[in-house]
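*Asks:* I'd like to go over a predicted model; first the sequence, then the structure.
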Amino acid sequence: MSARRDAILREMGLGPVWRLREPAPADAAEAPPAPIEPPAPPPPRAHVAPVVPPPAAAHDTPAPVSEVAGLDWAALTERILACRACALCEQRKQAVPGVGDRQADWLFVGEGPGAEEDARGEPFVGKAGKLLDAMLAAIGLRRGEGVYIANTVKCRPPANRTPEAGELAACFPFLARQIELIQPRLIVALGRPAAQSLLNTDIRIASARGRCFDYAGIPVVVTYHPAYLLRNPLDKAKAWEDLCFARRRMQQLIDGESQ
């Protein structure tokens, strides 16, 4: 293994990690319970007119797949940037369509934009993006060169929460059209929301690893999201195994087409 590959793997956190267990903090002494005061008598009831809640913010109806299917890249990007099909549009700075080679062999699909992505309009540009770049480099790939990166939802969920089912459904026609335009050889689903959207079924990453799924005839490999790996660095070794599995599957596809 080359020195450059060693450096990349160290950046991914795949070297040996030794940690000392910290003793659990001693339980704090319990404070004596506050005296319970009897509740004040309720005020006399007065007639109050019923309150009519304001109407909910209106959103456009999610675009059917049939409407998005015929769009070229320019029209699709314009539609994504102007989309108001779900509540995620209300707090976004901008939608984040995707980035990379539009004729890529590899398509990496994540969950949704974070704060930096929302500000810059490009997916995976924060700490998780740096880790994804290291993951790509570890298998000989580079952002923008034979690689396209997109998300299941194109607007940032508040506080980076997991996208809700309705939000995933509203955005999926855009991702489906991107896949039709790119025609990748292989899709790598980064995290559970991406895998569930692509495969339209409940998925657990732990049980889906090391298997090849199918989306419209395109092989799909499932692995952990880089943001999850930042919180759980011991699972980076598993992600490395998944990337190696994806690289072997890609080589099989290329070899099969050459025969």
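*Replies:* Perfect, I can see it now. Residues are numbered from 1 along each chain as shown.
*Asks:* where along this structure do the strands fall?
*Replies:* Counting by DSSP state E, the chain has strands at residues 99-100, 106-110, 147-151, 186-190, 212-215, 218-223.
*Asks:* which parts of the longest one are buried?
*Replies:* Translated: strand 218-223. Ile218, Pro219, Val220, Val221, Val222, Thr223 (16 or more other C-beta atoms under 10 Å). Backbone N, C-alpha and C define where each C-beta goes, glycine included.
*Asks:* Can you tell me how far the residue positioned nearest the centre of the chain is from Pro123?
*Replies:* Centroid-nearest residue in the chain: Glu111, 1.4 Å away (criterion: C-alpha atoms, centre = their mean). Separation of Glu111 from Pro123 (C-beta to C-beta, to the nearest Å) stands at 10 Å.
*Asks:* Between these two, which contacts overlap?
*Replies:* Taking C-beta atoms under 8 Å, 6 or more residues apart in numbering as the contact rule, the neighbours common to Glu111 and Pro123 are Asn151.
*Asks:* How many residues are close by Trp106?
*Replies:* Neighbouring residues of Trp106 were enumerated by other C-beta atoms under 10 Å; the total is 23.
*Asks:* Need the nearest residue in space to it, chain neighbours excluded.
*Replies:* Val147 (4.7 Å; C-beta to C-beta, 6 or more residues apart in numbering).
*Asks:* got the end-to-end distance for stretch 201-216?
*Replies:* End-to-end distance of stretch 201-216 (C-alpha to C-alpha, to the nearest Å): 14 Å.
*Asks:* Which positions within it qualify as buried?
*Replies:* Buried, per 16+ other C-beta under 10 Å, within stretch 201-216: Ile203, Ile205, Ala208, Arg209, Phe213, Tyr215.
*Asks:* if we can go back for a sec, turn the strands of the chain into TSV, including distance to Arg161 and mean pLDDT.
*Replies:* Below are the strands of the chain laid out as TSV (distance: least, C-beta to C-beta, whole Å; pLDDT from 0 to 100):
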stretch	distance to Arg161	mean pLDDT
strand 99-100	23	96
strand 106-110	14	98
strand 147-151	14	98
strand 186-190	17	98
strand 212-215	25	97
strand 218-223	21	98
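*Asks:* Tabulate those (JSON lines), appending distance to Phe172.
*Replies:* Shown next, in JSON lines, are the strands of the chain (distance: least, C-beta to C-beta, whole Å):
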{"stretch": "strand 99-100", "distance to Phe172": "19"}
{"stretch": "strand 106-110", "distance to Phe172": "11"}
{"stretch": "strand 147-151", "distance to Phe172": "11"}
{"stretch": "strand 186-190", "distance to Phe172": "13"}
{"stretch": "strand 212-215", "distance to Phe172": "11"}
{"stretch": "strand 218-223", "distance to Phe172": "14"}
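*Asks:* mind checking which of these is nearest Gln178?
*Replies:* strand 147-151 (5.7 Å; C-beta to C-beta).
*Asks:* got the contact list for that closest one?
*Replies:* With C-beta under 8 Å, 6+ apart, strand 147-151 has contacts from 96-102, 104-113, 123-124, 132, 136, 141, 143, 175, 178, 182, 184, 194.
*Asks:* Mind giving me the PyMOL command for buried ones among those?
*Replies:* Selecting only the buried entries of the contacts of strand 147-151 in PyMOL, with 16+ other C-beta under 10 Å as the criterion:
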select buried, resi 96+97+98+99+100+101+104+105+106+107+108+109+110+111+112+113+123+124+132+136+141+143+175+178+182+184+194
